[in-house]
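Trainee: predicted model and sequence follow; I will ask about them next.
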Amino acid sequence: MQHCRIIVVDDGSTDGTAESICSEFPEVTLLQGDGSLYWTGAIEMGMRYAMSHGAECMIWLNDDSKVSSGSIERLAQVASETGGIASALGFVDMHTIGKKWYFPAQKKTLFGLKNIKVTPNSGLIPTDACRGNLVAIHRSVIEKIGYPDGCCIPHVAGDSDYTLRTTEAGIPCCLVSDVLLEELGTIRKDNESWLLGDNSVSQLWKGIICKRNSNYIPMKWRYLRRHWGLIGLMQFPIPYVKLGIISVLKLLLPQKTLLAIYGKKSHAWKTKSWSRALEG
C-alpha cells in the first residue's frame, strides 16, 4: 500500500517484541508504553502520533486478527469516501462444527445495542457501533469528536464507545461486508461462563476491578452514563447483582450439577466448547 506508515504501540511487553521490531522492521514507528495503556490507551497513543504527522486515514489493526490482501486498502477507500468509519466484518471459525459465526451490526436502542445479522458480500451495512479489530477512520472523525477515551474506557468497550460517539455525532459508520477478518483471540479465560466456567468465586469478583474486564466498574459506569443516560445508570447494577446470585449457586452446588441444569442454555459455555474441542 503506497503512502502508508506502520505504527506499533508496544505497551511495556517483556518478550522481546520491541527489540525484534527495531532489528527486523526498522521502517516501523515503535511507540512505547509502560504497561498501563491497555487497548484503548494504545490506540489513542497511535492515533495522536498519526494525526500529528498528517495522516488522512488511520487503521486500527489488532495483533490477534487474520486478514486478506487488499483489506486495508478497501477499508481506507470506504472511510475516505464516506468521511467516517469503515470496519471489516469479523468472524469466528467454529472448526469443530464446520461453521463460521459472523459478528453482527449493532443498532443503538433505548435500552442498549441490538444485534443485526450480517452476511458476507451484502454491501456496506450501517452500524451504530462496531468491533475494533480492523477499522479505518478518516481524519475528519478525529477532528470532530476527538480521540478514544483511554483514561475512562481503558480496554473492553473502547471500540464500541468510540464508534457510538461517532454515530451519535452524525458521522457514518459501516461494516464493509466484502472485507472479512478472522478473530483469533475471541475465546479467552475472562469471557468464560461465570456460572459454568473454571473461575472461582473469588476470581470472578477480582475480575470486575481489572481494567481488562467487561464489567470493570468505572468503565461500565462511564460507558452506560455517556450513551444511555438515566436508563444506563439504572442498568448499571444488573451484572453485579447477577454475579452475586451466581456466586451463591457456585458455592452451594457442585459444577456437575450446574452443568446438568444450565449447560445447554449457556451461550458462553457452548462457545467455550469450540476451544475445548480444538485443545483436545
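Mentor: That came in fine, so what should we check first?
Trainee: count the residues that sit near residue 31.
Mentor: The burial metric for residue 31, expressed as a neighbour count using other Cβ atoms under 10 Å, is 16. Glycine gets a C-beta too; all of them are placed from N, C-alpha and C.
Trainee: all helices for the stretch 101-250 of the chain, in order.
Mentor: According to DSSP state H, counting those that start in this stretch, the stretch 101-250 of the chain carries its helices in the segments 139-145, 158-168, 201-207, 217-235, 238-252.
Trainee: out of these, which one sits most buried?
Mentor: helix 158-168 (a mean of 22; mean count of other Cβ atoms under 10 Å).
Trainee: just how off-centre is it within its chain?
Mentor: Taking the mean of its C-alpha atoms, helix 158-168 sits 12 Å from the chain's own mean (Cα atoms, centre = their mean, to the nearest Å).
Trainee: got the angle for it vs helix 217-235?
Mentor: 50 degrees (axes from the mean of the first three to the mean of the last three Cα atoms, to 10 degrees).
Trainee: any residues touching helix 158-168, and which ones?
Mentor: Counting by Cβ atoms under 8 Å, 6 or more residues apart in numbering, the neighbours of helix 158-168 from elsewhere in the structure are 38-40, 43, 60, 84-85, 87, 106, 108, 113, 127-132, 135, 141, 145, 148-150, 153, 173, 223, 226-227.
Trainee: equivalent analysis for stretch 205-224, please.
Mentor: 38, 149, 152-157, 160-161, 190-191, 199, 232-233, 235-236, 239-240, 243, 247.
Trainee: pLDDT below threshold where in the stretch 1-150 of the chain?
Mentor: 1-2, 95-97 (pLDDT under 70).
Trainee: run through the strands of it in chain order.
Mentor: For the stretch 1-150 of the chain, the strands identified by DSSP state E, counting those that start in this stretch occupy 7-11, 29-33, 57-61, 65-67, 85-94, 99-102, 105-109, 112-116, 124-126, 134-138, in order along the chain.
Trainee: my guess is residue 93 contacts residue 180, does it?
Mentor: No: distance between residue 93 and residue 180: 10.6 Å, which falls outside the contact criterion (Cβ atoms under 8 Å).
Trainee: neighbour count winner among these two?
Mentor: Summary of the neighbour comparison: residue 93 and residue 180, criterion other Cβ under 10 Å, with residue 180 having more neighbours (19 against 15).
Trainee: would you quantify the distance from that one to residue 66?
Mentor: Plainly put, residue 180 is 9 Å away from residue 66 if you go by Cβ to Cβ, to the nearest Å.
Trainee: repeat for residue 192
Mentor: Counting by Cβ to Cβ, the gap between residue 192 and residue 66 amounts to 23 Å.
Trainee: looking at the strands of the stretch 1-150 of the chain, which one is packed in the most?
Mentor: Mean neighbour count (mean count of other Cβ under 10 Å) peaks for strand 134-138 among the strands of the stretch 1-150 of the chain, with a mean of 27.
Trainee: CA atoms only for it - export them in CSV, please.
Mentor: Extracted in CSV, the C-alpha atoms of strand 134-138 (Å, rounded to 0.1, in the frame of the first residue of the first chain):
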residue,chain,number,x,y,z
LEU,A,134,-9.7,-3.8,11.7
VAL,A,135,-11.2,-0.4,11.3
ALA,A,136,-10.4,2.6,9.0
ILE,A,137,-11.1,6.1,10.4
HIS,A,138,-11.0,9.2,8.3
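Trainee: so which elements touch it?
Mentor: Strand 134-138 makes packing contacts with strand 57-61, helix 71-82, strand 85-94 when contacts are defined by 3 or more Cβ pairs under 8 Å, 6 or more residues apart in numbering; DSSP states H and E.
Trainee: so can I have CSV of those showing distance to residue 255?
Mentor: Listed next are the helices and strands packed on strand 134-138 as CSV, based on distance: least, Cβ to Cβ, whole Å:
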stretch, distance to residue 255
strand 57-61, 38
helix 71-82, 42
strand 85-94, 24
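Trainee: for residue 47, which of the ones you listed is the nearest?
Mentor: Distances from residue 47 to each of those were compared using Cβ to Cβ; the minimum, 5.5 Å, belongs to strand 57-61.
Trainee: contact partners for residue 75?
Mentor: With contacts defined as Cβ under 8 Å, 6+ apart, residue 75 is in contact with 59, 86-88, 134-136, 176, 179.
Trainee: how far away is the spatially closest residue to it that is not a sequence neighbour from residue 36?
Mentor: Counting by Cβ to Cβ, 6 or more residues apart in numbering, residue 75 lies nearest to residue 136, which is 3.8 Å off, once chain neighbours are set aside. Using Cβ to Cβ, residue 136 is found at 27 Å from residue 36.
Trainee: sounds good, over and out.
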